[in-house]
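K.L.:
Any chance you could fold what I've pasted below:
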Amino acid sequence: MTDLLTEQGKTQSSLCDYLGIRSDMYSRWKKGESRSYMFDIGRIADFFGVSADYILCRTEQEVSASTLTAAESRLLSKFRALSDKKQLWLLQGIGFLEEDFDKN
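P.N.:
All right, here's what the predicted structure looks like:
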C-alpha cells in the first residue's frame with residue numbers, strides 16, 4: 001500500500017480517513033502486527049482504483065475488470081487471444097501511431 005500511496009500522490013492520512021481508521025492501525029498493518037486490513041481489501045482497492053487481487057499481490061494487473069468499458073474489455077479479450085508475436089506487432093503499431101500523432 002505504501003508504494004501505491006507514493007505512486008498516486010495520496011497520503012496515509014487520506015487512506016485512514018477513507019477507511020475510518022486511526023493512523024496507528026495503519027502503522028500496525030505496515031509492521032505486520034495486524035492483518036485486520038483483510039476485512040477492508042475491497043475498500044482499499046476502491047480507494048486506489050485497482051483490483052483486490054492487485055492489493056493482495058495475486059496479479060500484476062492493476063485495473064479491475066469491472067472498471068473497463070465494454071470496448072476496452074473487448075479489446076483486451078481480443079489482444080489476449082493473439083499469439084505473443086502478434087501482440088508484439090500490435091504494440092509496435094500502437095507505438096508508431098503515438099509517434100505519428102505526437103509529430104502533428
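K.L.:
C-alpha only now, for contacts and for neighbours.
P.N.:
Noted.
K.L.:
So what's the residue count around the closest residue to residue 13 other than its chain neighbours?
P.N.:
Nearest residue to residue 13 in three dimensions, chain neighbours excluded: residue 23, at 6.8 Å (C-alpha to C-alpha, 6 or more residues apart in numbering). Residue 23 has 15 neighbours, counted by other C-alpha atoms under 10 Å.
K.L.:
isn't residue 23 right up against residue 11?
P.N.:
No - assessed by C-alpha atoms under 8 Å, residue 23 is found out of contact with residue 11, at 10.9 Å.
K.L.:
Tell me how the chain divides into domains.
P.N.:
Domain ranges of the chain: 2-66, 68-103, per automatic domain parsing.
K.L.:
Distance check, residue 81 against residue 87.
P.N.:
Computed as C-alpha to C-alpha, to the nearest Å, the residue 81 to residue 87 distance reads 9 Å.
K.L.:
no, scratch that, I was asking about residue 11
P.N.:
For residue 11 relative to residue 87 (C-alpha to C-alpha), the value is 37 Å.
K.L.:
again, but for residue 69
P.N.:
21 Å.
K.L.:
more neighbours, those two?
P.N.:
residue 87 (15 against 10).
K.L.:
nearest residue to that one other than its sequence neighbours?
P.N.:
residue 79 (6.5 Å).
K.L.:
Find the helix or strand that that neighbour is a member of.
P.N.:
helix 70-81 (DSSP states H and E).
K.L.:
after that helix, next one along is what?
P.N.:
That would be, after helix 70-81 and using DSSP H and E, helix 84-103.
K.L.:
where's that following helix relative to the chain centroid, distance-wise?
P.N.:
On the basis of C-alpha atoms, centre = their mean, to the nearest Å, the separation between the geometric centre of helix 84-103 and that of its chain is 23 Å.
K.L.:
Check stretch 76-90 too.
P.N.:
21 Å.
K.L.:
now swap in stretch 38-56 and tell me
P.N.:
That offset, for stretch 38-56, works out to 9 Å (C-alpha atoms, centre = their mean).
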